[in-house]
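# Give me coordinates for this.
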Amino acid sequence: MIKRKYLAVLKEKLGKFPAVALVGPRQAGKTTLAKELGGVYFDLEQEEGRVALEFQWHELMRGEKLVVLDEAQEYPDLFKRLRGAIDEDRKKMGRFLLLGSVSPGLMQFVSESLAGRMALVELTPFLWAELAAEQQKNLWLYGGYPDGGVLQPEDYPDWQIHYLDLLTARDLPNWGLAAQPKLTQRLLKMLAVLNGQTFNGSQIGRSLDLSYKTVSSYLDYLEGAFLIRRLPPYHANLKKRLIKSPKIYWRDSGLLHALMNIHSREELYHQPWAGVGWEGFVIEQVIGHLRLAGKNFEAYYLRTSDQYEVDLIVDFGKSRWAIEVKLTAAARLADLERLEKTADMIQADKRILISRTEQCQSSETSVSCNLPYLLDRIDTE
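Below is the predicted model of the structure:
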């Protein structure tokens, strides 16, 4: 079994906070990771789990064991009780670990009852740095889900399709998405085709006979289930007209490729959208590794009406990165020069051009490199 790098992050947070919320998509490995910490485990999605917790509550509150509460958002009455238990002894750390597959659902209860008492950790499917070299080669194609992704390529794409079928038929409706499963499946396929493009809710709505408002609401659920990312536009006074709609990316490339009926790397490389697909994969890896390293930042993209663009802007508050992504094996000088010019517009401190090159070069402010080169150095930045 691969040791998740998030284990050290969880231990650190549990040493500093009475409670930690571990959120992430279904089947990303939250329960497996939590059980490595020991403690007492309760599945609150099941009636037996809720009954068992009630029966043992007073004993657990007096004890020293970590209490792991899986799918905590399914038991809303729990959160005020947790607040009371924490406030009785605010100096006692590492008491509760809450797991959740629906970020907004869990965070609503956390913000109402546990603000200031809890840290948040987002668990993604496997990241590049967590895998061996041979597995890294296939991560883009198969995605990072432990059960059906890069570790078990023989199950691709059947596992991915089954995973999405279960989400659309059971989980998303249970979480409040008011759409028939077939409609949600159509929306998912449409979002796969539109991966990496700016969001146009009216266009999608016309195709599905839905209003713009309804489409945006459905995307809230898909984003909350960690299926998609809405990358917001960067706002700056550049004396240029800026694109103001977010970009839509699939967070796991294996799910995207299954929806697009891709079965091999050779087939993937010949797709007209391969460059945009690689762009989304790189963005997820960079964001995931920055979060894993404990960096505080906001992520954006930039596009002007005259086609100056930065695929990913990482704003740390005191500094700023401008990152451009190319699928090519040899980045052109013209690509770097255009990145430099666009990065000047937003006063970026570091300009990073990521391609599949084997010849990485860097200066104090500019880097032309491959993805592993950048990810290996994120901890030291």
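# Where in the protein is the helix or strand with the lowest mean pLDDT?
Ranked by mean pLDDT, DSSP states H and E, the weakest helix or strand in the chain is helix 103-113, scoring a mean of 74.
# contacting residues for residue 265?
Residues near residue 265 by CB atoms under 8 Å, 6 or more residues apart in numbering: 138, 141. Placement of C-beta: from N, CA and C, glycine included.
# err, residue 264, not the other one
residue 141.
# phi, psi of it?
phi -150, psi 160 (degrees, to the nearest 10).
# cool, residue 298 as well?
Dihedral angles of residue 298 (phi, psi; degrees, to the nearest 10) stand at phi -120, psi 150.
# Hmm, residue 315 and residue 323 touching each other?
No: applying CB atoms under 8 Å, one finds residue 323 not in contact with residue 315, separated by 11.6 Å.
# okay, the two: which has more neighbours?
residue 323 (25 against 16; other CB atoms under 10 Å).
# hmm, back to that, which of the residues in the next helix-or-strand element following the least confident helix or strand of the chain are buried?
Using DSSP states H and E, the helix or strand that directly follows helix 103-113 along the chain is strand 118-122. Residues of strand 118-122 classed as buried: 118, 119, 121, 122 (neighbour count, 16 or more other CB atoms under 10 Å).
# likewise stretch 356-368?
In stretch 356-368, counting by 16+ other CB under 10 Å, buried: 357, 366, 367, 368.
# Start and end of it, how far apart?
Stretch 356-368 has an end-to-end distance of 10 Å (criterion: CA to CA, to the nearest Å).
# from the chain's centre, how far out does it sit?
Chain-centre distance of stretch 356-368: 26 Å, with CA atoms, centre = their mean, to the nearest Å.
# now swap in stretch 75-83 and tell me
On CA atoms, centre = their mean, the centre of stretch 75-83 falls 26 Å from the chain's centre.
# can you check stretch 286-295 too?
On CA atoms, centre = their mean, the centre of stretch 286-295 falls 11 Å from that of its chain.
# Flag every buried residue along that stretch.
Along stretch 286-295, these residues count as buried under the neighbour rule (16+ other CB under 10 Å): 286, 287, 288, 289, 290, 291, 292.
# Rounded mean pLDDT for that stretch, please.
Across stretch 286-295, pLDDT averages out at 96.
# Likewise for stretch 29-46?
Stretch 29-46 comes out at a mean pLDDT of 94.
# How many residues are close by residue 305?
9.
# So it sits against residue 243, correct?
Yes: Residue 305 lies in contact with residue 243 (CB under 8 Å); the separation is 7.2 Å.
# Tally up the residues packed near residue 85, please.
That count, for residue 85 with other CB under 10 Å as the rule, works out to 18.
# does it sit in a helix, a strand or a coil?
helix (DSSP: H, G, I helix; E, B strand; the rest coil).
# check which helix or strand covers the closest residue to it other than its chain neighbours.
Among residues not flanking residue 85 along the chain, residue 61 sits closest, at 5.4 Å (CB to CB, 6 or more residues apart in numbering). Assessed by DSSP H and E, residue 61 sits inside helix 47-62.
# go on, residue 248?
Going by DSSP H and E, residue 248 is in strand 247-250.
# Average pLDDT for that strand, rounded please.
The predicted model assigns strand 247-250 a mean pLDDT of 98.
# quick one on the thing from earlier: got the contact list for the least confident helix or strand of the chain?
By CB under 8 Å, 6+ apart, helix 103-113 touches 21, 23, 72-73, 76, 79-80, 82-83, 98, 100, 118, 120, 122, 175, 220, 224, 226.
# Then stretch 42-58?
Taking CB under 8 Å, 6+ apart as the rule, stretch 42-58 contacts 40, 60, 67, 68, 69, 70, 71, 72, 74, 75, 78, 81.
# Pull out the buried members of those residues.
Of the contacts of stretch 42-58, these count as buried by 16+ other CB under 10 Å: 60, 67, 68, 69, 70, 71, 72, 74, 75, 78.
# What about the residues you listed, which are in helices?
Of the buried ones among the contacts of stretch 42-58, the ones assigned to helices by DSSP state H are 60, 78.
# what would the buried ones among the contacts of stretch 42-58 look like in CSV with pLDDT and distance to residue 108?
Formatted as CSV, the buried ones among the contacts of stretch 42-58 follow (pLDDT from 0 to 100; distance: CB to CB, whole Å):
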residue, pLDDT, distance to residue 108
60, 95, 24
67, 97, 21
68, 97, 21
69, 96, 16
70, 94, 18
71, 89, 14
72, 87, 12
74, 85, 13
75, 87, 13
78, 89, 13
